[in-house]
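K.L.:
What shape does this take:
(chains A and B)
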Protein chains: 2
Amino acid sequence: MTDPKPVLAILGGTGDLGTGLARRWAQAGYRVIIGSRTQEKAAAAVEDLQAVMTERGVDSVTVEAMENLQAAEAANIVVMTVPFAHHSSTLELVKPALAGKILVDVTVPLVPPKVARVQLPEAGSAGQIAQELLGEDVQVVSAFQNVAAHHLQEGAGLDCDVLVCGNKKDARAEVIKLVEAAGMRGFHAGSIANAAAVEAMTSVLIFVNKQYSCHAGIKLTGLPE
Amino acid sequence: MTDPKPVLAILGGTGDLGTGLARRWAQAGYRVIIGSRTQEKAAAAVEDLQAVMTERGVDSVTVEAMENLQAAEAANIVVMTVPFAHHSSTLELVKPALAGKILVDVTVPLVPPKVARVQLPEAGSAGQIAQELLGEDVQVVSAFQNVAAHHLQEGAGLDCDVLVCGNKKDARAEVIKLVEAAGMRGFHAGSIANAAAVEAMTSVLIFVNKQYSCHAGIKLTGLPE
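P.N.:
Numbers count the residues shown, from 1 in each chain, chains lettered A, B, ... in the order given. Take a look at the predicted model:
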């Protein structure tokens, strides 16, 4: 018998990135809870997801809708894809539900309107803000910031790697499993301080997307065969 | 008749990255000046380079040795590959020679001993420090930070892209030509503020190199065909 799959909550799961991840993990057989600020918005996202799965001929998925706090409580691993403006307030809200869990922070600290310009927060990165706010009882792992939502929402393969940052190797390894379940390669990329590199790279990719009219990602090269 | 190739100075050209770039550009037919703090060190690097070229069967290259300031004066485009600890002092030294020129900043703000940990300077990045210190009369373009010196020093192809940041598109385009002459793809990656992303990524790559025993680089994916 293998370990049962963890239950995943995706807070802010109604946005482009959140729905993309939800589709990938639901299709891979994970139980997925879509969290949102209201039950209604979450329920609408679940309905959309089920319609997409039917289109894809996927037999059955296990997806539920909840408010963010309830979703965090019901999950083993909590994934956050909220805009940076709601990052701290959402963390404060769900903090009581996170003790002993992994919080996967997908947040990119974009500062509108200049989202193609790197403007990191004073603390260094969204990931560091989260780790500091949640304390050592929660393993914050930063990941997925450089994945184009456009490609994630598609059913097919993704030509893009995921750099996974966090202070504990075991927690990073758990998240690398989720990366692979979503159809990508995941790599240990260092402590949560290194989230700054990955978050900042998103602004570079937004610039590249405008400049070259594409949905760019990055891939590691020079790895051992 | 095409434009003559610019004369290139590589300050700190005796290090791994500097010698790697010098080899690539000399072999591509550029006149290259290797700059160092002393004439002797620069001359030794030139001798090494010529020996490598002979080994590779390259007929003739135009490479000279000079002290850093003299090298900057004699060049059209000045490339800096000094350690971060000497970044500001070297810039101050050569500033009088840079007016109207492009300064290609390859510096990564690593903070030993934890070089695999992102620790960006308060100003945001080495590139921003350089642009601020040199003023608007010098076009600072940040590039090559994510290229493994190990691969650069080899004669063969490089499976690694170069993200090129700078405030002026024309200056970035000039540097992209140098990237291509060195055997890689170069991409417009935004203003000099975006150098933070690329500089920080170097610490991630150092971590990846340790973790996976390799000389990793990055490549953009999802570009138009």
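
K.L.:
Would you mark the buried spots in the worst-scoring helix or strand of chain A on mean pLDDT?
P.N.:
Here the helix or strand of chain A ranked lowest by mean pLDDT, DSSP states H and E is helix A:149-152, holding a mean of 88. Residues of helix A:149-152 classed as buried under the neighbour-count rule (16 or more other CB atoms under 10 Å in any protein chain shown) are A:Ala149, A:His151, A:Leu152. Yep, even glycine has a C-beta here, placed from its N, CA and C like the rest.

K.L.:
Need the per-residue pLDDT for the spatially most central residue of chain A.
P.N.:
Central residue of chain A (CA atoms, centre = their mean): A:Val106, 4.1 Å from the mean position. Confidence at A:Val106, expressed as pLDDT, is 97.

K.L.:
I figured A:His86 hits A:Gly12, correct?
P.N.:
Yes: between A:His86 and A:Gly12 there is a contact at 7.3 Å, judged by CB atoms under 8 Å.

K.L.:
These two: which has the busier surroundings?
P.N.:
A:Gly12 (23 against 16; other CB atoms under 10 Å in any protein chain shown).

K.L.:
quick one, what contacts that one?
P.N.:
A:Gly18, A:Gly35, A:Ser36, A:Asn68, A:Met80, A:Thr81, A:Val82, A:Pro83, A:His86, A:Thr90 (CB atoms under 8 Å, 6 or more residues apart in numbering or on different chains).

K.L.:
Which pair of those spans the longest distance?
P.N.:
By the measure CB to CB, A:Gly35 and A:Pro83 form the most distant pair in the contacts of A:Gly12, at 14.3 Å.

K.L.:
The residue nearest to A:Ala200 when sequence neighbours are not counted: what's it in contact with?
P.N.:
Using CB to CB, 6 or more residues apart in numbering or on different chains and skipping residues adjacent in sequence, the residue nearest A:Ala200 is B:Ala197, 3.5 Å away. Contacts for B:Ala197 (CB under 8 Å, 6+ apart) come out as A:Val118, A:Ala197, A:Ala200, A:Met201, A:Ser203, A:Val204, B:Leu163, B:Ala189.

K.L.:
Would you double-check that B:Ala197 falls in a helix?
P.N.:
Yes: when DSSP: H, G, I helix; E, B strand; the rest coil is applied, B:Ala197 is found to be in a helix.

K.L.:
Mind pulling the model confidence for it?
P.N.:
Per-residue pLDDT puts B:Ala197 at 98.

K.L.:
Go ahead and confirm the residue nearest to the centre of chain A touches A:Val141.
P.N.:
No: in terms of CB under 8 Å, A:Val106 does not count as a neighbour of A:Val141; the distance is 10.0 Å.

K.L.:
so how far is A:Ile129 from A:Ala196?
P.N.:
A:Ala196 sits at a distance of 11 Å from A:Ile129 (criterion: CB to CB, to the nearest Å).
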